[in-house]
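Undergrad: One predicted model, sequence on top.
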Amino acid sequence: MTGPINNQVEALIRVTSRLIGVLNSEVEMLRAMQVNEIENLQGEKKDLTILYEETIRSLAAQPEALAALEPALRMELSELAGRFDIALAENARALNAVRDSHDRLLKAIVDAVSENRAKEKGYTRDGKLGDQHKGRSTQSLSLSVDRQL
């Protein structure tokens, strides 16, 4: 069978292949801690994801045409779907690892600042060196964190 369905499947293959490439590039950048360069991929990743979803929805609406798809094209699409799942899972693992690493670093910083504040000394009202926090309510530490990669 030739025609529109083959064209749509071939378009899906191209989009999925490119999306796999972007996901793999992002993983490499995350592992190399090239976070600034990842921003350059985000626009393309978003556009490809939208195109992928639209193409999948369009193909899903034509089950009878998909059933009649050429065997070679069906096999290529199936193999690509497996590679896409692997790339997606690896990308999610890498993003989660970086997020967890940043969370641990932030916690260590907050703990260090809190510990340092607890050790701060200052002068008392009568001019003696003493605990700055004695007699006062405990102050909280306020931080704002940009969690966007």
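TA: Yep, it's here.

Undergrad: got the contact list for the nearest residue to Leu48 once chain neighbours are set aside?
TA: Among residues not flanking Leu48 along the chain, Leu19 sits closest, at 4.4 Å (Cβ to Cβ, 6 or more residues apart in numbering). No exception for glycine: its C-beta is placed from N, CA and C like everyone else's. If a contact means Cβ atoms under 8 Å, 6 or more residues apart in numbering, then Leu19 has Lys45, Leu48, Thr49, Tyr52, Phe84, Ala87 as its contacts.

Undergrad: Please apply the same query to Asn6.
TA: The contact partners of Asn6, by Cβ under 8 Å, 6+ apart, come to Leu69, Glu70, Leu73.

Undergrad: most neighbours, which of those residues?
TA: Leu69 (18 neighbours; other Cβ atoms under 10 Å).

Undergrad: So for the one helix or strand Ala72 maps to, mean pLDDT?
TA: Using DSSP states H and E, Ala72 maps to helix 71-119. Averaged across helix 71-119, pLDDT comes to 88.

Undergrad: what about burial for the contacts of Leu19, which qualify?
TA: Buried residues within these, counting neighbours by 16 or more other Cβ atoms under 10 Å: Lys45, Leu48, Tyr52, Phe84, Ala87.

Undergrad: And what about the second one, helix, strand or coil?
TA: In this case it means Leu48. Recorded secondary structure, Leu48: helix (DSSP: H, G, I helix; E, B strand; the rest coil).

Undergrad: List the contacts of Ile56.
TA: With Cβ under 8 Å, 6+ apart, Ile56 has these contacts: Leu12.
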